[in-house]
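>>> When you get a sec, could you give me coordinates for this:
(chains A and B)
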Amino acid sequence: MNPFEKIFNYRILSRLDEADSIALTAHERSWLKTMLEHPASADAFAAETLSRLRDLLQDETAIESREYIAEKAKSRERQVYHPLLRPLRRMIQQGRGIRLTSRLKHGGVQSNQNGLPVKLEYNMVKREWYLLWYNARGLMSSKLQHIVTAEPILLPPERVEALRSRALAILEERRTYAVIEIVREYNAELSRILYAFSCFDKTVSYEENRDLYRIRVSCLADESEFLLSKIRFLGRRVRIVEGEQLRRRMRESAAWALARYEGASDSQPAAQPPEDADSAS
Amino acid sequence: MARESFDKEVQFLRMLALAGGAYSRQQFADRLGISVHTYDKTLRYIKDMRTMLSSDAADDLAEGLRYNHYESADPLLLFLFRSKSLKDSESVRLAVLIGLLQGEALTAKELLDACSDSMPSDYACPDEKTVRGDLKYLEEVGVIRRMEGGRPYKYRADIDLIDRLADEELLDLYDYVDVMANTQVPAVQGYLLRDTLKKALTRRGYGSETFDVHLYKYHYHTRILDEAHLYTVFEAIRARRKLTFLYLSPKKGKNYASKNTNPLFERETEGRFETTLPLRVVYDHQYGRWYLIGHSPRLGTMKYRMEGVTQIELGDAVDAETFDRRLEVIEQELEHSWVTDTHRRVKIRARFYNPGRAGANFVRERVLSQGQWGVVTDESDTTFLYEIEVNGIYEIKPWLRSFGSSCEVLEPAWLRRELIAEWKEIQAYYEPVREDL
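Residues are numbered from 1 along each chain as shown, chains lettered A, B, ... in the order given. Predicted structure coming up:
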């Protein structure tokens, strides 16, 4: 269906908004009908809601064109929905605190941890959901699949506000940045390189007399390993020019990779080298 | 009248989103192949649209479209799909009609009467023919439904999907649409529905804290711009029709070429006109980019980056047999493509090293998750092997390299040598002391 329909025009939309009216098109219903075929729908709705939705959409045609699309280089779709999304989103929206019991990485269970749920975050690379929440130990990110139980607790609104702004402040403090330069011989591949970094918060600068592009990427410190894997992905095309920690890691990556290939154990550092595949990606 | 094309807006927004802030007005205009005057005009149009649609659109667009992941998951680029031109009077009329049909079923005559009360005073009342034309259009796009029963027909806004759901059900629906639009393709209609449901929830008293609960990390926002062409491409595939378009190879550095017939644009056309029989569309998750895969009688299998496709038009149809034959060939060719590469098949063997510290084996997890059809076998306590037969090495090499020292390519020997050479060059980039040449 053509998404460029006049019914979607911004003037109509703003007039409908003013009048509090709603226009729902067949395009949107068809899309929904198609998406409800995904097994994730079973986790997203109560059974009766799902069957009501299917009833309401029975006269629509699903988008047949999905078969024309081949998705490539996709991470295995571990999880699109998680049953905990529904209760957790309500706790966040209603400003509730949370009492969590979760499985630990190395086995065992940690119970009754109190905190404030802040956001639900989907990692598009790992294809998995996380809960961002704040507690006495700081800002935490827990896989939903590791959460055993999550119960709401009542917190006074001003406490919620204080905790939430502290959590957001921590996110801000954790920000780090790197400046990545496109090696000039690869300027012809500018588009590919910019696409690769388009999943980050970034700005680009261009120096005309040197024909030089630089990308300033801002991310959380614990995302820097994922950023590094992107930089290694692009290989010789880019070089980190600011961000000492990242530069050091790239230097190590290259030295350790070469040590692997040369099988020269003497050039390999004593410490266990290869942490390159990083947990973040 | 020629079909309205959104090439300029698409390319404009793509450049803003990808390289935002990098260029001066002149540089930006040069790269798009438009005049500075057109640049200003387009920017003003997009800004107007944004201001009308959202209250917090004050940020400077010319600086680029930046995403602050933790603030909002609203897709900024969606307003591209809200840019179809429309006369002001028509937008008023359609909005009035939709408004009148919200809760009530009315005939064309009744609507005509009601219109005269509802139309803003500075707009003329529509005549019956216009109203009937509007009703026909609204019925076609599914916004209104003709009620059962004979003439005169009654119409009503088709919003049962919303009205028949309780508040909590509607909230679940909003979440589902949000998740699916962000994680699946195609997504544009999903984002449009997300907007509609957001409005419906707001109408039921849900506040702003309801909407930005989900975040999507490492999301390729620009992918929805490439969906602009999908409809035409799908229409062509369905009807087995060829497509002609002006292809601007993204490597050439110019991203848009104005039509010479349009007096607004005075530059020469660059790029080349292509005719191809479209067969499939590929979405590459590594870059968030789309490809058009087609067949050309002279050159065989063709792959185009969707971002380079402009001035797209439907051409002649081919017979079903020809189409099926071509499709079968392409599907076979693509079966072993990491993305779209159809070069000769190569067998790759690589050794991966498990992380040294105890805990989750994220190297193995990542290989299993991203290694497509490759096969993993255990080798030792510290290593495992990965084998894959893939078309060419060009597309898989970056992925192997992204593992750094956790991956060692064993075969083919020439790929191993290539990677060694690359790592040496990369190492040289980070030498502590650089010679001042």
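>>> So A:Asn123 sits against B:Tyr218, correct?
Yes - when contacts are counted by CB atoms under 8 Å, A:Asn123 is listed as touching B:Tyr218 (6.7 Å). Using the backbone N, CA and C atoms, a C-beta is placed for each residue, glycine as well.
>>> Strands along the stretch 151-300 of chain B, start to end?
Counting by DSSP state E, counting those that start in this stretch, the stretch 151-300 of chain B has strands at residues B:154-157, B:214-217, B:241-247, B:272-284, B:289-296, B:300-305.
>>> so what's B:Arg289 up against?
Listed by CB atoms under 8 Å, 6 or more residues apart in numbering or on different chains, the contact partners of B:Arg289 are A:195, B:220, B:223, B:226, B:283, B:305-307.
>>> biggest separation within those, which pair?
Spatial extent of the contacts of B:Arg289 (CB to CB) is set by the pair B:Tyr220 and B:Arg305 at 14.0 Å.
>>> picking that back up, could you provide the contacts of B:Arg289 in JSON lines, with additional columns for distance to A:Lys105?
Listed next are these as JSON lines, based on distance: CB to CB, whole Å:
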{"residue": "A:Tyr195", "distance to A:Lys105": "34"}
{"residue": "B:Tyr220", "distance to A:Lys105": "30"}
{"residue": "B:Arg223", "distance to A:Lys105": "33"}
{"residue": "B:Asp226", "distance to A:Lys105": "39"}
{"residue": "B:Tyr283", "distance to A:Lys105": "33"}
{"residue": "B:Arg305", "distance to A:Lys105": "41"}
{"residue": "B:Met306", "distance to A:Lys105": "41"}
{"residue": "B:Glu307", "distance to A:Lys105": "41"}
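>>> In helices only, show me those residues.
A:195, B:223, B:226 (DSSP state H).
>>> For the residue nearest to the first one when sequence neighbours are not counted, give its distance to A:Arg159.
It stands for A:Tyr195. The shortest distance from A:Tyr195 to any non-neighbouring residue, by CB to CB, 6 or more residues apart in numbering or on different chains, is to B:Tyr287 (4.3 Å). Going from B:Tyr287 to A:Arg159 by CB to CB, to the nearest Å gives 44 Å.
>>> How about A:Leu234?
In terms of CB to CB, A:Leu234 sits 45 Å off from A:Arg159.
>>> Of those two, which one has the most company?
Just comparing A:Leu234 and A:Arg159: by other CB atoms under 10 Å in any protein chain shown the higher neighbour count belongs to A:Leu234, 21 against 13.
>>> any idea which element that one lies in?
helix A:224-234 (DSSP states H and E).
>>> Can you tell me the strand partners of the helix or strand just after that helix and which way each runs?
Downstream of helix A:224-234, the next assigned helix or strand under DSSP H and E is strand A:238-242. Note on strand A:238-242: by DSSP bridges, its sheet partners are strand A:175-182 (antiparallel).
>>> Contacts for the strand it pairs with next, please.
A:190, A:193, A:197, A:212-221, A:224, A:227, A:231, A:237-243, A:245-246.
>>> ok, and what's touching the host helix or strand of B:Leu135?
For B:Leu135, the enclosing helix or strand under DSSP H and E is helix B:128-140. For helix B:128-140, contacts defined as CB under 8 Å, 6+ apart pick out A:6-7, B:93-94, B:97-98, B:108-109, B:111-112, B:115, B:126, B:144-146, B:155.
>>> just checking, B:Pro398 touches A:Leu234?
Yes - if you go by CB under 8 Å, B:Pro398 and A:Leu234 touch, sitting 6.8 Å apart.
>>> On the three-state scheme, B:Gly103 is what?
Classification of B:Gly103 using DSSP: H, G, I helix; E, B strand; the rest coil returns coil.
>>> can you give me phi and psi for it?
Here is the backbone geometry of B:Gly103 (degrees, to the nearest 10): phi -110, psi 0.
>>> okay, now it: neighbour count?
Neighbour count of B:Gly103, defined by other CB under 10 Å: 10.
>>> what's in contact with the helix holding A:Leu234?
A:125, A:176, A:178, A:180, A:193, A:196-197, A:200, A:217, A:219, A:238, A:240, A:245-246, A:249-250, A:253, A:276-281, B:218, B:286, B:398-399, B:401-404, B:426.
>>> Please name the residues that touch the residue sitting nearest the centre point of chain A.
Nearest to the geometric centre of chain A sits A:Asn123, at 3.5 Å (CA atoms, centre = their mean). The contact partners of A:Asn123, by CB under 8 Å, 6+ apart, come to A:129-130, B:217-218.
>>> Kindly report the same for B:Asp284.
A:72-73, B:290-291, B:339-340.
>>> what are the bridge partners for it, then?
Applying DSSP bridges, one finds that B:Asp284 bridges with A:Lys72, B:Arg289.
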